[in-house]
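**Student:** Next one to model:
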Amino acid sequence: VFDDEELVGLIETALKNNYELEIALARIEEARAALGFVRADQFPNLDGTAGAARGNTILGAGSPGSINESFVLAANLGFEIDLWGKLRRSTESARATLLATIDARNVVTITLIADVASVYLLLIDLDQRVAIAERTMQTRQDSLGIIQARFDKGTVPLLDVNQAQIELADAIAEHAGLERQRDQAENALSVLLGQNPGHVARTAMRLSDALSIPEIPAGLPSELLERRPDVRAAEQELAAQTARIGVAEALRFPSLSLTGTLGLASGDLDDFISSDNKAWGVSADLLGPIFDAGRGKARVEAERARTEQLLANYRLTVLRAFQEVEDSLIAIDTYKREADAREMQVTAARSATTLSRARYDGGVTSYLEVLESERSLFRSELQALATRREQIVSIVTLYKALGG
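**Tutor:** Residues are numbered from 1 along each chain as shown. Model (predicted):
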């Protein structure tokens, strides 16, 4: 959108190295493994058993002191019949949780891209504001030298010298504050890039010259909000919780489990593999609650209450999505008009400063008028840059609000 190779390179680096994104990816793998674990309960479970034993006969079961041997090799098949959909609904819940985790990763991705762009724009803005502060510092240093020379000759009062010193100190302090903000912004961007704090390469041009500011269409369809990963994540979380209601309902009814065993058992290893030594068995178990003091009903009610919470959260997420889009569109429009007005203010302030300096040199006005003009120019230049940055950042915010 902004046609800046440096910015594109930084975003690509962040997408490769950012640790918050790495954490989000690991959570996806965890949710995928959890889905496989839950889904496996829908299928039969086959276990193998092998054993051998040798020892004295148990008293009362044979001749005391005799040695007995036993050998067993069998397969056990267990399967719970999903009569009430408990296993199926558990799988649905786990699958929806996985999808919600993927969308949560996408939230991190889009937020990361927007944050990198915003901090990058802040750095360019601060570079320019530091340059303005340096230029103002030098101008005020030169002015102080001239005023001091005039004071030494007795042509101006000490008040003019003091006023020039005050303005120089203000420029020095402003410069130090802007440098601090710039260096801290560089450190913040370095962390987003997954790197140690330090210098970050960036364009050396003005914001308005370095970046092409795109035109925003007059109307944006609300269907674009369906791409927002936080909306999709809230929807999947609601789906997962809805499925848990089905699991809780199924737990109130009996469960039917089938078990089968087939193998070989013998007391002699020599003829162990023989048709006469076959061992088998089939069983069915029906287990269900008879009296649980309302525990099952309370479990269902709790899951329903959690579902109501997530339903409200989903609706709130959608409303916030509309708000963020509207706020971004308003910001783009108003910041553009404000930035244009700030540019007009800077032009007028420069002209006023030049005229005030000429009037002071000609003895027409006091040095106070010059100071006020220079102070107004300094502030208007800083405000113009900050407002232009806010205009461009509002486009980044719209990108984020529309789900990338």
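
**Student:** switch to C-alpha atoms for all contacts and neighbour counts from now on
**Tutor:** Noted.

**Student:** so where is the stretch 151-300 of the chain shaky, pLDDT-wise?
**Tutor:** Scanning the stretch 151-300 of the chain for pLDDT under 70 picks out the ranges 204-214, 217-220, 269, 272, 275.

**Student:** That one: strands as residue ranges?
**Tutor:** 255-266, 278-287 (DSSP state E, counting those that start in this stretch).

**Student:** Let's verify Asn68: helix, strand, or coil?
**Tutor:** Of the three states, Asn68 takes strand according to DSSP: H, G, I helix; E, B strand; the rest coil.

**Student:** Please report how far Ile273 lies from Ala50.
**Tutor:** Distance, Ile273 to Ala50, by Cα to Cα, to the nearest Å: 13 Å.

**Student:** Neighbour count: those two, which is higher?
**Tutor:** The neighbour comparison of Ile273 against Ala50 (other Cα atoms under 10 Å) goes to Ile273, with 15 against 12.

**Student:** Leaving out chain neighbours, which residue sits closest to the more buried one?
**Tutor:** Leu264 (7.2 Å; Cα to Cα, 6 or more residues apart in numbering).

**Student:** who's in contact with the one you found?
**Tutor:** 71-74, 272-274, 277-279 (Cα atoms under 8 Å, 6 or more residues apart in numbering).

**Student:** Dump the residues you listed into CSV; add distance to Ala248 as well.
**Tutor:** What follows is the contacts of Leu264, written out as CSV (distance: Cα to Cα, whole Å):
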residue, distance to Ala248
Phe71, 43
Val72, 40
Leu73, 39
Ala74, 35
Phe272, 48
Ile273, 47
Ser274, 48
Asn277, 45
Lys278, 42
Ala279, 38
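
**Student:** Is it correct that Asp125 is in contact with Glu390?
**Tutor:** No. Using Cα atoms under 8 Å, Asp125 makes no contact with Glu390, being 9.8 Å away.

**Student:** Now the residue nearest the centre of the chain: which helix or strand?
**Tutor:** In the chain, the C-alpha nearest the mean C-alpha coordinate belongs to Val108, at 2.8 Å (Cα atoms, centre = their mean). Under the criterion of DSSP states H and E, Val108 resides in helix 86-152.

**Student:** helices or strands next to that helix in the packing?
**Tutor:** helix 5-17, helix 19-39, helix 158-192, helix 207-210, helix 229-250, helix 367-401 (3 or more Cα pairs under 8 Å, 6 or more residues apart in numbering; DSSP states H and E).

**Student:** what do you get if the cut-off is 7 Å, keeping everything else the same?
**Tutor:** The contact analysis (3 or more Cα pairs under 7 Å, 6 or more residues apart in numbering; DSSP states H and E) places helix 86-152 against helix 5-17, helix 19-39, helix 158-192, helix 229-250, helix 367-401.

**Student:** and the third one, how far from the chain's centre?
**Tutor:** Right, the one you point to is helix 158-192. Centroid separation for helix 158-192 versus its chain: 33 Å, with Cα atoms, centre = their mean, to the nearest Å.

**Student:** The shortest one now?
**Tutor:** For helix 5-17, the distance between its averaged C-alpha position and the chain's averaged C-alpha position is 16 Å (Cα atoms, centre = their mean).

**Student:** Buried residues in that helix, which are they?
**Tutor:** 7-8, 10-11, 14-15, 17 (16 or more other Cα atoms under 10 Å).

**Student:** Now it: average pLDDT?
**Tutor:** Mean per-residue pLDDT for helix 5-17: 91.

**Student:** neighbouring contacts of that helix?
**Tutor:** By Cα atoms under 7 Å, 6 or more residues apart in numbering, the residues outside helix 5-17 that reach it are 113, 116-117, 192-194, 202-203.

**Student:** what do you get if the cut-off is 8 Å, keeping everything else the same?
**Tutor:** 21, 109, 112-113, 116-117, 120, 192-195, 201-203.

**Student:** what about dumping the CA coordinates of stretch 153-173 to CSV?
**Tutor:** Provided in CSV are the C-alpha atoms of stretch 153-173 (Å, rounded to 0.1, in the frame of the first residue of the first chain):
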residue,chain,number,x,y,z
LYS,A,153,27.7,46.9,23.1
GLY,A,154,24.8,48.2,25.1
THR,A,155,22.3,48.3,22.3
VAL,A,156,19.9,45.7,23.9
PRO,A,157,18.8,45.0,27.5
LEU,A,158,19.8,42.0,29.5
LEU,A,159,16.2,40.8,29.2
ASP,A,160,16.7,40.0,25.5
VAL,A,161,19.7,37.9,26.4
ASN,A,162,17.8,36.0,29.1
GLN,A,163,14.9,35.4,26.7
ALA,A,164,17.2,34.1,24.0
GLN,A,165,18.8,31.8,26.6
ILE,A,166,15.4,30.5,27.7
GLU,A,167,14.4,29.7,24.1
LEU,A,168,17.7,27.9,23.5
ALA,A,169,17.3,25.8,26.6
ASP,A,170,13.8,24.9,25.5
ALA,A,171,15.0,23.8,22.1
ILE,A,172,17.8,21.7,23.8
ALA,A,173,15.3,20.1,26.1
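
**Student:** Looks like Gln42 contacts Leu87 (just checking).
**Tutor:** Yes. Between Gln42 and Leu87 a contact is recorded at 5.9 Å, counting by Cα under 8 Å.
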